[in-house]
Every structure is written in structure tokens, then in C-alpha cells.
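> Give me a model of this one.
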Amino acid sequence: MGFKKIGLFLFVIIMTNIIIHFELIPNIQISANSHSANEDYLEILTLLVAIISFAFSIYLIFFKKNKNGFLLLLFALNVALWIPKIFSINCKICSTV
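Numbering: from 1, shown residues only. Below is the predicted model:
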């Protein structure tokens, strides 16, 4: 595996983690604090992105014999690892009472 592929793998992992940690989780926390039920939408959207990315990567790997499917599989697994943390976010005020 060439240096460019390894760099691309690392870039995808790092950028996905940065976006989820600094953008998605604070937005879900703000939605949970406002009790507007938007956090459910963001949680389901994150779950759907992981499932669709996983299914499309399996299609690329096995049916199209495309090696770029591994990059998409890595993205899907990385997002899937964040799902338990995302589903455990509660309103800060309600959880302390």
C-alpha cells in the first residue's frame, strides 16, 4: 500500500473524528438541551449515514472489485463507533436533577 493511500486513510479517520466530535455532538447536545426533539433526527441521520456507507462499500468491494470501497468501509466503521456515544447524549439539566 502506497504512502498516498495510507495518508488518505489517516486523513479520513482524523477528519471524520474531528467533525463528529466538534460539530455533530455539540449540535446534538444543544438540541437535547432545548427539548426540541431535533437530537433524534441527528441520531437517526448519523445511523443512516453509517449503514448506507457500509452497504455501498460492500457493493464496491465485492461486486465492482473497487479498492476505494475500503476507504468508504473505514469511514462507515468510524462513524459506527461513535453511535453509542451519540445515542447516550442527554439534556445536561435533566440528567443532573
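> Quick check: Tyr59 vs Ile14, distance?
26 Å (Cβ to Cβ, to the nearest Å). All C-beta atoms are positioned from the backbone trio N, CA, C, and that covers glycine.
> Correction: the previous question concerned Glu43.
23 Å.
> Compare neighbour counts for the two and give me the winner.
Glu43 (18 against 11; other Cβ atoms under 10 Å).
> State the distance from the more buried one to Ile93.
Distance of Glu43 to Ile93, computed by Cβ to Cβ: 19 Å.
> same check, this time on Ala32
Ala32 is 10 Å from Ile93, by Cβ to Cβ.
> With Leu81 instead?
According to Cβ to Cβ, Leu81 stands 28 Å off from Ile93.
> Among those two, which residue is more densely surrounded?
Shown here are Leu81 and Ile93; by other Cβ under 10 Å, Leu81 has more neighbours (13 against 10).
> For the more buried one, which residues are in contact?
The contact partners of Leu81, taken as Cβ atoms under 8 Å, 6 or more residues apart in numbering, number zero.
> State the separation between the one helix or strand it maps to and the centre of the chain it belongs to.
Using DSSP states H and E, Leu81 sits in helix 69-87. Distance of helix 69-87 from its chain centroid, counting by Cα atoms, centre = their mean, to the nearest Å, is 5 Å.
> Give me the buried stretch members for it, please.
Using 16 or more other Cβ atoms under 10 Å as the test for burial, helix 69-87 gives Gly69, Leu71, Leu72, Leu73, Leu74, Phe75, Ala76, Asn78, Val79, Ala80, Trp82, Ile86.
> what mean pLDDT would you report for that helix?
In this model, helix 69-87 has an average pLDDT of 89.
> Repeat that for stretch 53-65.
93.
> which residue sits closest to the spatially most central residue of the chain, ignoring its sequence neighbours?
The centroid of the chain falls nearest to Val79 when counting by Cα atoms, centre = their mean (2.6 Å). Nearest non-adjacent residue to Val79, counting by Cβ to Cβ, 6 or more residues apart in numbering: Ala50, 4.2 Å away.
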